[in-house]
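[1] Provided below for reference: sequence and predicted model.
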Amino acid sequence: MVDDPHAIAAGLPKVVLHEHLDGALRIDTLLELLARGGLAAPAADAAGLAAWFDANAHAGSLERYLEGFALTVAAMASPDALARVAQEAAEDALADGAVLAEFRIAPVLFEPFGVDPDATVEALLAGLVRCPALPSGLIVCAMRHLPEAETLRAARLALRHAGAPGRAVVGFDL
């Protein structure tokens, strides 16, 4: 008798190395954050919103795919929401059997919504600390379509928060 490979995989310890926080929100959390921020949701309920994300992801269009990230970034654009999303991502990774996680995000994406990049990083790290059972860190991403000066600014941001007490920035993504 052959063991079920899915059951075997589910029982193995895992390491999360490339989890985009702005792409990994719980659907119910996203709906709540959209409502709290007075933002329109593309669907009225969790099933509809999940279907909208699935359709965009499989539309064969980068523009349609990125609409999901525009929505999640807008919903996450407060320190409280950022911390909550980070905490929930860590909790979900732990529940999936992760023993270590590195979450990534581009903090400059929140500036147009009035959230300073340093405040973004601090809120995300504070959220990760709320899941003490999972060793985790944050990878600061630069956006390649932005000017070189913005990439350097993101790198300096990562350096300022590297090795901070508790959870810290553990990398920089170009």
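    Nice, I can see it.

[2] for this structure, what spans make up the helices?
    For the chain, the helices defined by DSSP state H cover 5-11, 27-36, 46-57, 62-76, 79-95, 117-129, 148-161.

[3] can you list those helices in TSV and add mean neighbour count?
    Glycine gets a C-beta too; all of them are placed from N, C-alpha and C. Converted to TSV, those look like this (neighbours: other Cβ atoms under 10 Å):
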stretch	mean neighbour count
helix 5-11	9
helix 27-36	17
helix 46-57	15
helix 62-76	17
helix 79-95	20
helix 117-129	21
helix 148-161	15
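
[4] Quick one: residues contacting the most centrally placed residue in the chain.
    Centroid check for the chain by Cα atoms, centre = their mean gives residue 21 as the closest residue, at 0.4 Å. By Cβ atoms under 8 Å, 6 or more residues apart in numbering, the residues touching residue 21 are 76, 85, 86, 89, 103, 104, 105, 124.

[5] give the contact list for the nearest residue in space to residue 69 that is not next to it in sequence.
    When the adjacent residues along the chain are set aside, residue 69 lies closest to residue 22, with 5.6 Å between them (Cβ to Cβ, 6 or more residues apart in numbering). Taking Cβ under 8 Å, 6+ apart, we find residue 22 in contact with 69, 72, 73, 76, 85, 105, 109.

[6] Please tell me how far the fifth one sits from residue 154.
    As judged by Cβ to Cβ, to the nearest Å, residue 85 and residue 154 stand 19 Å apart.

[7] And for the second one?
    From residue 72 over to residue 154 the distance is 19 Å, taken as Cβ to Cβ.

[8] so how far is the least confident helix or strand in the chain by mean pLDDT from its chain's centroid?
    The least trusted helix or strand in the chain, going by mean pLDDT, DSSP states H and E, turns out to be helix 5-11, with a mean of 86. Its chain's C-alpha centre and that of helix 5-11 lie 25 Å apart, by Cα atoms, centre = their mean, to the nearest Å.

[9] Can you spell out which helices and strands pack onto that helix?
    Other helices and strands packing on helix 5-11, by 3 or more Cβ pairs under 8 Å, 6 or more residues apart in numbering; DSSP states H and E, are absent; none qualifies.

[10] Restrict that helix to CA atoms and write it as CSV.
    Output of helix 5-11 as CSV, limited to C-alpha atoms (Å, rounded to 0.1, in the frame of the first residue of the first chain):
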residue,chain,number,x,y,z
PRO,A,5,1.8,11.8,-0.7
HIS,A,6,-0.4,14.8,0.3
ALA,A,7,-0.7,13.5,3.9
ILE,A,8,3.1,12.9,4.0
ALA,A,9,3.7,16.5,2.8
ALA,A,10,1.2,17.9,5.2
GLY,A,11,3.1,16.3,8.1
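
[11] let's have the chain start at 17 instead
    Sure, I'll start counting at 17 from here, so that last one is helix 21-27.
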